[in-house]
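Undergrad: turn this into a model:
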Amino acid sequence: MSHRTTIKTQIRDLEALVDACVELGLRFVPDSTCRGYDRAVTSAPYVIKLRGPYDIGVYPSPQKDGTYDLVTDWYKEHVAKEVGAGFGRLLQSYGVHKTIREAALRGLRTTRKVEADGTILLTLEGGSL
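TA: Purely as a prediction, here's the structure:
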């Protein structure tokens, strides 16, 4: 029985995803095996190795539009405990790192502030947007 679910995302920058993984204390491994329910193992071009019993596979989107899909097994909330429901914390960190990378390319300075509720505020300064 498979519990694996794909959540469509707009992952376009694998380096920003690697930075998000580092921030969350996770390993991003190319060409590896991805663990799932009942010790099922699948191959993936990239895998986010989690501390719990499951991992996250990172696959090129079948639409061939330059995006990547995140696929995991949500059974018993193991993955949600580490990266948030629906990949929430992982995608938030990815968005922050992608924004910082794009700002740097445009010569902008960034300031990052984490609010008490976990909200991240980014301020971009300098140059022109």
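
Undergrad: contacts and neighbour counts: CA atoms only from here.
TA: Noted.

Undergrad: strand partners of the helix or strand encompassing Asp69, parallel vs antiparallel please.
TA: Per DSSP states H and E, Asp69 falls inside strand 68-73. Strand 68-73 has its sheet partners listed here by DSSP bridges as strand 4-11 (antiparallel), strand 56-60 (antiparallel).

Undergrad: can I get the CA coordinates of the helix or strand that that strand is followed by in CSV?
TA: Next helix or strand after strand 68-73 toward the C-terminus (DSSP H and E): helix 78-83. Listed next in CSV are the C-alpha coordinates belonging to helix 78-83 (Å, rounded to 0.1, in the frame of the first residue of the first chain):
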residue,chain,number,x,y,z
HIS,A,78,6.6,11.7,10.5
VAL,A,79,7.5,14.1,7.7
ALA,A,80,5.3,17.0,8.9
LYS,A,81,7.1,16.9,12.3
GLU,A,82,10.3,17.8,10.5
VAL,A,83,9.4,20.1,7.7
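
Undergrad: host element of the spatially most central residue of the chain?
TA: The chain has Leu90 as the residue nearest its centroid, 4.3 Å off, counting by C-alpha atoms, centre = their mean. Per DSSP H and E: Leu90 is located in helix 88-105.

Undergrad: give me the buried positions along that helix.
TA: For helix 88-105, burial by neighbour count (16 or more other C-alpha atoms under 10 Å) applies to 89-101, 103.

Undergrad: any idea which of these is closest to Lys113?
TA: Val96 (10.9 Å; C-alpha to C-alpha).
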